[in-house]
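**Student:** Fold the following, please.
(6 chains)
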There are 4 protein chains.
Amino acid sequence: MSAIPKNKSDIILRAALEQFAENGFHSSPVSQLANIAGVGVGSIYRYFKDKDELIHAVFAMVDTALQKGMDTPSDSSLSDQQQFIQLITNLIHYLNAHPWDFKFLEQYYSSPYSIQTKRATFSDEDSTEPVNPFVKFFSGGSRGTIKELPLSLYLAMIFGPATFLLRNSLSGLVTIDDELIQQTAEASWNAIKL
Amino acid sequence: MSAIPKNKSDIILRAALEQFAENGFHSSPVSQLANIAGVGVGSIYRYFKDKDELIHAVFAMVDTALQKGMDTPSDSSLSDQQQFIQLITNLIHYLNAHPWDFKFLEQYYSSPYSIQTKRATFSDEDSTEPVNPFVKFFSGGSRGTIKELPLSLYLAMIFGPATFLLRNSLSGLVTIDDELIQQTAEASWNAIKL
Amino acid sequence: MSAIPKNKSDIILRAALEQFAENGFHSSPVSQLANIAGVGVGSIYRYFKDKDELIHAVFAMVDTALQKGMDTPSDSSLSDQQQFIQLITNLIHYLNAHPWDFKFLEQYYSSPYSIQTKRATFSDEDSTEPVNPFVKFFSGGSRGTIKELPLSLYLAMIFGPATFLLRNSLSGLVTIDDELIQQTAEASWNAIKL
Amino acid sequence: MSAIPKNKSDIILRAALEQFAENGFHSSPVSQLANIAGVGVGSIYRYFKDKDELIHAVFAMVDTALQKGMDTPSDSSLSDQQQFIQLITNLIHYLNAHPWDFKFLEQYYSSPYSIQTKRATFSDEDSTEPVNPFVKFFSGGSRGTIKELPLSLYLAMIFGPATFLLRNSLSGLVTIDDELIQQTAEASWNAIKL
DNA sequence: GATGAATGAGACTTCATTCAT
DNA sequence: AATGAATGAAGTCTCATTCAT
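**Tutor:** This next block holds a predicted model:
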């Protein structure tokens, strides 16, 4: 799935993602990252100023891939409901298929690191691509199919449940299958539809 | 609000909660916890085997308080919808009023520590009290007012959005007021009602 | 001669002085200092914030001892010449007897560290004790026995030759004995006397 | 003044001198020297076995230039005093005009490196050129104008004060002008004249 | 001959834990 | 019981040196 990385910088990023996801930032010594990546410790510092910069770079990689993974060629023949459900389905599918990405993001967002990064989730004023596809979806002007609610609440009803399920899936408390995904997407839709 | 702790063990737990919430586990040296708590480093090790045990103990304290904070004397004169909305309102109110608790839980759940803890959220087989009030709510047998969905999805539609909003509230991206809480509770209800 | 240090801080300072004098700052790893001092590495960091602070502390210790070692109870029955020669004799004697102190000072002054320290050699405006005894000597108002020269030149004719000889003594190029000290002191006097 | 170096070896030596003088040996990574010199790191190791050898080579370059800078075509029409004062004036002028050379020498002499180098200052037995012009001056047999003193003391009264002033000049504590140089040279002469 | 990416030994520093008082 | 000085394992990062291109 993920293309095999060929340049050293990507090899390091992949190894770091794996380690951070499994062990957390603070239980992943740089020396261990180097081992997994199959490079010398010093090489990591050739490509990244310090461990912090590496963490942010992993985030950028994962975030970009996620935006791409969620996106769907906009099909105007689909109803709002169908489009919306498609997006949520994509989101859960992608993160369920990429548990390292999900684990990494969870840690990243609940750490001091995320504070330094300006999240462009809510507005795309200053953002170049990638733009969150859900924001795109909702910013299409008022529709007759959706309740009038704050953007933050739309997003909460989408990412919240999905995140909760994925977390429990990783804990082994829940098994995510297509039926559950479908039910989740519909529930989210019901939460905000008129 | 929080009762003033009187015995040394509680004093330590409170100080630890504050530090962990503000600085994270790995930026909270035991010596600093001792300072804040106003006790010697050695004393912490009298009450807790090591730092890990302290972290788990803080979790237990916070988790218990949260269950209590959410609970409401079950009032059978209220409709299902009213009860449900009351529960969510309580949840968000409590965590919004106790940001340290919320921050701590976020870190705890997205860290390797939570893996070691067996969460008794979904079943109460082995659990002594406290039991999640929402689990109590849903386990009351089938009702005519709620869709037939997996328990995990019910919980996802409750905790997911609430958590998402609280997170953004702490980041300063969103301000949680009573109207938003009401809207959220209703949206969650709409997601699962028949 | 040097009292045997009893508290840990002094033990560390002594060990550091020895190592720095012999090997230089950069060839004296903190771990080695700890070995010589007979303490754990961590202990050094209990008493000194970091290696830099330790270096400055060693300087303070050496500098203070030197001022004391140079000083002589001012004896007004002695002529200017006798007083002056006494001071230089003390200076060379002291540093010759304490080669570590001399080597340390040489390194310290020709390193970036000394820039951070405000040397109070030239003025004692802001300085509390100790004050350089030579400065005291020259600041006693104009005398009829000494040429009118800039203070910096007085000091140059005192410390310059002494330093040069001590350096060569350490290299083994010269042997400093009482006769040489006497000759040096007289030459310095001749350089500035009327 | 300094001829523009044309061969790679000289370019490296110049760059190293500058860096060492400004930042010290240990804050001048070889990679940085390479940058300044505009050559690859590897090239430095083609011309110099290791960093130590480079340091010694810079010393040799600086030392040679200094000897040349101090020298004056011996003019037998001048008195001893005039010749002597001329030599000191040259010395201070040269080092004041070449602060990098002076800073480098200071560091070199007060570092463990200088121990490895056998200085040929005092005797020219084993020395090929250059020979210290002052040694030449004093070895001209006994004169009726100068006190009978050890060679090392002559040198101490010359280099000592000059060095001291230059050091303070670099620290900004003293400004060296022609008057001060003249006064210094005269004081040195007074120190040793009959 | 020249280059600079790659390496890893080793430096500095932090902090969980112990134990004598 | 309580304390906090002492410890050293372990983590982050630098940089002299090598070697394939």
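
**Student:** residue closest to the middle of chain A?
**Tutor:** A:Leu66 (4.6 Å; Cα atoms, centre = their mean).

**Student:** In contact with that one, which residues?
**Tutor:** Applying Cβ atoms under 8 Å, 6 or more residues apart in numbering or on different chains, we find A:Leu66 in contact with A:Tyr94, A:Leu95, A:Asp101, A:Leu105. Using the backbone N, CA and C atoms, a C-beta is placed for each residue, glycine as well.

**Student:** Not including adjacent chain positions, what is the nearest residue to the third one?
**Tutor:** Spatially, and ignoring its direct neighbours in sequence, A:Asp101 is nearest to A:Val62 (4.8 Å; Cβ to Cβ, 6 or more residues apart in numbering or on different chains).

**Student:** And the one you found, what's its pLDDT?
**Tutor:** On the pLDDT scale, A:Val62 is placed at 96.

**Student:** With the one 4 residues further on instead?
**Tutor:** In the predicted model, A:Leu66 carries a pLDDT score of 92.

**Student:** So what touches stretch A:35-46?
**Tutor:** When contacts are defined by Cβ under 8 Å, 6+ apart, stretch A:35-46 is touched by residues A:8, A:11-12, A:14-16, A:18-19, A:30-31, A:33-34, A:54.

**Student:** Tell me which residue in chain A sits closest to DNA strand E.
**Tutor:** Per Cβ to the nearest atom of the strand, the residue of chain A with the smallest distance to DNA strand E is A:Gly42, at 1.8 Å.

**Student:** Give me the next element, helix or strand, following the host helix or strand of that residue.
**Tutor:** Here A:Gly42 sits within helix A:41-47, counting by DSSP states H and E. Beyond helix A:41-47 in the direction of the C-terminus, DSSP H and E gives the next helix or strand as helix A:51-70.

**Student:** could you check the angle helix A:51-70 makes with the helix or strand following that following helix?
**Tutor:** Helices and strands here follow DSSP H and E; after helix A:51-70, the next one along the chain is helix A:80-97. Comparing the axes of helix A:80-97 and helix A:51-70 via axes from the mean of the first three to the mean of the last three Cα atoms, to 10 degrees yields an angle of 140 degrees.

**Student:** what's the spacing between helix A:80-97 and its chain's center?
**Tutor:** Counting by Cα atoms, centre = their mean, to the nearest Å, helix A:80-97 is centred 12 Å from the centre of its parent chain.

**Student:** Check whether it comes into contact with chain B.
**Tutor:** No: using Cβ under 8 Å from any Cβ of the partner chain, no contact is recorded between helix A:80-97 and chain B, whose separation bottoms out at 10.7 Å.

**Student:** returning to that earlier point: please determine how far the residue nearest to the centre of chain A is located from C:Pro112.
**Tutor:** 48 Å (Cβ to Cβ, to the nearest Å).

**Student:** Buried residues in the lowest-mean-pLDDT helix or strand in chain A, which are they?
**Tutor:** Counting by mean pLDDT, DSSP states H and E, chain A has its least confident helix or strand at helix A:113-116, which shows a mean of 74. By 16 or more other Cβ atoms under 10 Å in any protein chain shown, the buried positions in helix A:113-116 come out as A:Ser114.

**Student:** Touching it from outside, list them.
**Tutor:** With contact meaning Cβ under 8 Å, 6+ apart, helix A:113-116 is reached by A:Phe25, A:Asp52, A:Ile55, A:His56, A:Phe59, A:Tyr108, B:Ser171.

**Student:** could you check whether it is close to DNA strand F?
**Tutor:** No: taking Cβ under 7 Å from any atom of the strand as the criterion, helix A:113-116 and DNA strand F are apart, separated by no less than 13.1 Å.

**Student:** Please report the distance of A:Gln67 from chain C.
**Tutor:** 44 Å (Cβ to the nearest Cβ, to the nearest Å).

**Student:** thought that residue was touching A:Val135?
**Tutor:** No: shown here, A:Gln67 and A:Val135 do not form a contact pair, counting by Cβ atoms under 8 Å, at 10.5 Å.

**Student:** Tell me which of these two has more neighbours.
**Tutor:** Per other Cβ atoms under 10 Å in any protein chain shown, whichever of A:Gln67 and A:Val135 has more neighbours is A:Val135, with 18 against 15.

**Student:** Pull out the buried residues from the strand or helix carrying the more buried one.
**Tutor:** Assigned by DSSP H and E, A:Val135 falls within helix A:133-138. Across helix A:133-138, burial judged by 16+ other Cβ under 10 Å covers A:Pro133, A:Phe134, A:Val135, A:Phe137, A:Phe138.

**Student:** Nearest to C:Tyr154 among the contacts of stretch A:35-46?
**Tutor:** Minimum distance to C:Tyr154 across the contacts of stretch A:35-46 is 55.8 Å, recorded for A:Val30 (Cβ to Cβ).

**Student:** so who does the closest one touch?
**Tutor:** A:Val30 makes contact with A:Val41, A:Ile44, A:Lys51 under the criterion Cβ under 8 Å, 6+ apart.

**Student:** If you rank those residues by neighbours, which is first?
**Tutor:** So for these (other Cβ under 10 Å), the most neighbours sit at A:Ile44, 22 neighbours.

**Student:** Give me the pLDDT value at it.
**Tutor:** Predicted confidence (pLDDT) for A:Ile44: 98.

**Student:** With respect to chain C, which of the contacts of A:Leu66 is nearest?
**Tutor:** Using Cβ to the nearest Cβ, A:Leu105 comes nearest to chain C of those, at 36.1 Å.

**Student:** All good on my end, thank you.
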